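Engineer: Sequence and predicted structure below; questions after.
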Amino acid sequence: MADAAARLREAMGRSVLSFPLTSFTEDGEIDIAGFRDHVGRQVAAGPAALFVCCGTGEFFSLAEPEYEQLLTAAVAEVGGRVPVVAGLGYGWAQASRFAAAAERAGVDAGLLMPHYLVEAPQLGLVAQVREVAARTALPLIVYQRGQVRFSAAAIAELGGVHGVIGLKDGHSDLDQLQRARLAAPPDWLFFNGAATAEMQARAYRTIGVPAYSSAVHSFAPEIASAFFRAFAAHDDDTMEKLLRGFYWPLVELRDRRAGYAVSLVKAAARLRGERVGRVRAPLTDPTPDETTELEALLDAGLGLVGATR
């Protein structure tokens with residue numbers, strides 16, 4: 001587990017975290033060949049790690065056999081070039097079954113996503129993580145988002161749970177996150193997992209959390225990589241140009257409809273010629289007019305990258 005954490009920590013200083021899409025056929029079945037092609041393109045673009053079958057990968061719509069097929073394909077395609085982290089979720093019993101499948105597939109770690117539906121006290125949130133950690137050999141990164149928000153005291157307790165190595169944050173509450181960071185073991189991994197995380201990247205860095213996930217990497221690694229290079233170099237001028245000309249308009253489009261944090265990403269990947277298919281219900285694809293708007297925005301972002309080289 002220490003080796004997996006060390007490998008992830010070293011990689012997170014070099015690039016963004018990629019969350020690949022799950023490819024579906026026109027009939028809505030998983031498309032392993034299309035998925036492997038997409039994963040191969042993602043790895044070739046140089047991310048720090050791949051987080052497979054997570055939120056952007058529509059984990060919530062996958063059957064357990066499909067999930068294991070996808071993870072097995074991802075591990076084979078990656079071939080050890082970068083760490084592969086698998087999404088885990090729902091209640092602890094089902095999350096443990098997903099963890100067992102992830103172990104069989106040979107992934108490096110698990111991302112324990114928010115449990116299903118119910119709100120719970122801090123004691124219960126910690127117990128949920130303990131139950132999964134006790135049933136898997138995978139190192140676990142816990143994800144706080146939605147109804148899951150860990151107190152500093154809960155983070156301190158999780159820091160003593162064998163196998164738990166870090167936290168992905170999706171709340172963007174920097175005061176709460178700073179308290180969590182101070183309460184955690186000094187070797188814990190923290191990263192910004194907000195939707196369109198580049199928008200908050202500089203703010204997160206001010207409290208010691210520079211690493212972030214990038215949904216944009218799933219369809220435009222050129223843009224995501226250009227932003228990361230500017231971020232790493234503290235090049236505020238380039239970051240401002242990309243934020244104003246691409247990321248902010250993308251967020252405005254994303255916020256028009258629930259679920260577009262995934263649907264727009266998948267539509268943009270299709271516009272780039274990626275064989276990823278459409279989203280599964282309950283998500284919906286963007287309208288033709290929105291797709292045209294997205295295409296123009298994508299062209300603008302790629303143009304900005306060319307101008308900043």
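Structural biologist: Sure thing, it's come through. Everything quoted here is computed from the prediction, not taken from an experiment.

Engineer: Secondary structure class of the closest residue to F24 other than its chain neighbours, three-state.
Structural biologist: Closest residue to F24 apart from its sequence neighbours, by CB to CB, 6 or more residues apart in numbering: G277 at 3.6 Å. All C-beta spots, glycine's among them, are computed from the backbone N, C-alpha and C. The three-state label given to G277 by DSSP: H, G, I helix; E, B strand; the rest coil is coil.

Engineer: and G277, what does it touch?
Structural biologist: Each residue near G277 by CB atoms under 8 Å, 6 or more residues apart in numbering is listed here: S23, F24, T25, E26, G28, D31, G34, K266, R270.

Engineer: List just the nearest of the residues you listed to E240.
Structural biologist: Nearest to E240 among those is K266, at 27.9 Å by CB to CB.

Engineer: Give me the neighbour count for the closest one.
Structural biologist: By other CB atoms under 10 Å, 26 other residues sit near K266.

Engineer: What segments of the stretch 1-150 of the chain are helices?
Structural biologist: Using DSSP state H, counting those that start in this stretch, the helices found in the stretch 1-150 of the chain span residues 2-12, 32-44, 64-78, 92-105, 122-133.

Engineer: ok, and for the longest one, which residues are buried?
Structural biologist: Residues of helix 64-78 classed as buried: E66, Y67, E68, Q69, L70, L71, T72, A73, A74, V75, E77, V78 (neighbour count, 16 or more other CB atoms under 10 Å).

Engineer: next one: the fourth one
Structural biologist: Along helix 92-105, these residues count as buried under the neighbour rule (16+ other CB under 10 Å): W92, A95, S96, R97, F98, A99, A100, A101, A102, A105.

Engineer: and the first one, what pLDDT?
Structural biologist: Model confidence at W92, given as pLDDT, is 97.

Engineer: Check the gap between it and F98 for me.
Structural biologist: Separation of W92 from F98 (CB to CB, to the nearest Å) stands at 11 Å.

Engineer: got a list of what the residue most central in space within the chain touches?
Structural biologist: The centroid of the chain falls nearest to F19 when counting by CA atoms, centre = their mean (4.4 Å). With contact taken as CB under 8 Å, 6+ apart, F19 is in contact with L50, F51, C54, G55, T56, G57, S213, S214, A215, H217, S218.
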